[in-house]
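Chemist: No sequence on hand, only this structure:
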Ligand code: COA
């Protein structure tokens, strides 16, 4: 089985920064509460741009880093759970703005696991030979879905985009993905349709009032403790399973880039896996949780710092709403 080569990486985050003190101006909260429980000091917020515009910038950075023109891309896969449009797919908007006129386009949504899903799909398309140069973008505007009166949720999330350009290689690649749909109510954001369909039976208990209250209907809803517990197990299990498939133990990994949900989740899972903490990269302190964009943004930081080196065994691991989880180990 073939693997993938990362030809280039890119990222983008908006200029506006909301640090923990900014949140204590609008909520009964403080840096003293937030930082020790989450590891977050600040997050970037897209106050004046749509989600796809961040994706465009990350994609352009990745193409430049790869030394490829947009016309050379023949497939764009975008991961987002915070799209600007129901349709078209955000990948089509990105295609238009970067000028990738030869690319097929589609989006995936497995929430915070989305980048893993998108890279895994890209790997399969590359392996089949159907496509040659695949652009994967993860772009998320979580600020659009937050209830800024809910201090246990809104403080966690920020906005950003990350991208990679991928090509087939003969290097080793293993992946693992799973979902626990039974647990979906632990973390969700429901579409709120203001339909004027005259045939609807307004008295029926449709999904609009089944899951949450009127006040919450446009926003992310989560059971923080349930998600926390799930996330520790999901991260450690996903890494263990893919490491076994790869034929190594987790301690033999050179670099692990986990989804950045909470520093304590990452620390606990790292301990359970027996991995030395300095091999596990985090940027949550200054980025917050940017859903599926967390991993490619971190990958871009590491790549540009020269810390992703040939011969390394690189592990990417994600988890999130669904509930979903996924992991990849690849030879760089
Ligand atoms: N500032 C001050 N107090 C806060 C607060 C904040 N930002 N958020 C919650 N609190 C308070 C609560 O109101 C509650 O007070 P009470 O005991 O007087 O009612 C108390 O702190 C405990 O709240 P709880 O929600 O039980 O906190 P927690 O210990 O579970 O921590 C999270 C909350 C969100 C930090 C934690 O559950 C978590 O990180 N979960 C994972 C969420 C996640 O990562 N989601 C995305 C996954 S991809």
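Modeler: Now that the structure is in, tell me what you want to look at. For clarity, every value in this text was computed on a predicted model and none was experimentally measured.
Chemist: Break down the stretch 51-200 of the chain into its strands, ranges please.
Modeler: 75-79, 104-108, 133-141, 159-169, 173-179, 187-189 (DSSP state E, counting those that start in this stretch).
Chemist: List the buried residues in the host helix or strand of residue 245.
Modeler: Assessed by DSSP states H and E, residue 245 sits inside helix 224-246. Judged by neighbour count (16 or more other CB atoms under 10 Å), helix 224-246 contains these buried residues: 227-228, 230-232, 234-243, 246. (Glycine included, C-beta is placed from N, CA and C.)
Chemist: Restrict these to those that also contact the ligand, please.
Modeler: 227-228, 231 (CB under 6 Å from any ligand atom).
Chemist: OK, contacts around residue 178?
Modeler: Residue 178 is in contact with 238, 324-326, counting by CB atoms under 8 Å, 6 or more residues apart in numbering.
Chemist: at 6 Å instead, please
Modeler: By CB atoms under 6 Å, 6 or more residues apart in numbering, the contact list for residue 178 reads residue 325.
Chemist: Can you give me the pLDDT of it?
Modeler: pLDDT recorded at residue 178 is 98.
Chemist: What residues are bridge-paired with it?
Modeler: With beta bridges defined as DSSP bridges, residue 178 has these partners: residue 325.
Chemist: Could you measure from it over to residue 293?
Modeler: 21 Å (CB to CB, to the nearest Å).
Chemist: Residue 72 too?
Modeler: 24 Å.
Chemist: In terms of neighbours, single out the busier of the two.
Modeler: residue 293 (36 against 17; other CB atoms under 10 Å).
Chemist: Could I get the pLDDT score of the spatially most central residue of the chain?
Modeler: For the chain, residue 292 is the residue whose C-alpha lies nearest the centre (CA atoms, centre = their mean; 0.8 Å). Among the per-residue scores, residue 292 shows a pLDDT of 98.
Chemist: Count the neighbours of the nearest residue to it once chain neighbours are set aside for me.
Modeler: Nearest non-adjacent residue to residue 292, counting by CB to CB, 6 or more residues apart in numbering: residue 114, 3.3 Å away. Here the number of neighbours of residue 114 (other CB under 10 Å) works out to 31.
Chemist: Spit out the contact partners of residue 114.
Modeler: So residue 114 contacts 79, 108, 138, 292 (CB under 6 Å, 6+ apart).
Chemist: bridging residues for the first one?
Modeler: It refers to residue 79. Those that pair with residue 79 in a beta bridge, by DSSP bridges, are residue 108, residue 138.
Chemist: could you measure it against the ligand, distance?
Modeler: Distance from residue 79 to the ligand, counting by CB to the nearest ligand atom, to the nearest Å: 13 Å.
Chemist: tally of neighbours for residue 48?
Modeler: Residues near residue 48, counting by other CB under 10 Å: 9.
Chemist: Shouldn't it be within a strand?
Modeler: No. Counting by DSSP: H, G, I helix; E, B strand; the rest coil, residue 48 is located in no strand; its state is coil.
Chemist: Okay, it and residue 54: tell me how far apart.
Modeler: Distance from residue 48 to residue 54, by CB to CB: 11 Å.
Chemist: So for residue 208, what's the pLDDT?
Modeler: At residue 208 the predicted local distance difference test score is 55.
Chemist: for residue 320, that is, sorry about that
Modeler: Value for residue 320, per-residue pLDDT: 98.
Chemist: Quick check: it vs residue 286, distance?
Modeler: In terms of CB to CB, residue 320 sits 20 Å off from residue 286.
Chemist: which of the two has more neighbours?
Modeler: Using other CB under 10 Å, the more surrounded residue of residue 320 and residue 286 is residue 320, with 26 against 15.
Chemist: Who are the contact partners of that one?
Modeler: Counted by CB under 6 Å, 6+ apart, residue 320 has contacts 111-113.
Chemist: partner residues bridging it?
Modeler: residue 324.
Chemist: Any figure for the gap between it and the ligand?
Modeler: Residue 320 sits at a distance of 4 Å from the ligand (criterion: CB to the nearest ligand atom).
Chemist: can you give me how far stretch 318-330 is from the chain middle?
Modeler: 9 Å (CA atoms, centre = their mean, to the nearest Å).
Chemist: Name the residue of the stretch 151-300 of the chain that lies nearest to the ligand.
Modeler: The stretch 151-300 of the chain approaches the ligand most closely through residue 224 (2.7 Å), counting by CB to the nearest ligand atom.
Chemist: gap between that residue and residue 184?
Modeler: Here the criterion is CB to CB. By it, residue 224 lies 16 Å from residue 184.
Chemist: wait, which of the strands of the stretch 51-200 of the chain is closest to residue 127?
Modeler: strand 159-169 (6.6 Å; CB to CB).
Chemist: which residues are contacting that closest one?
Modeler: Contact with strand 159-169 is made by 2-14, 44-46, 54-55, 58-59, 62, 66, 68, 122, 126, 133-139, 141, 143, 290, 293, 296-297, 300, as judged by CB under 6 Å, 6+ apart.
Chemist: Perfect, I'm done here.
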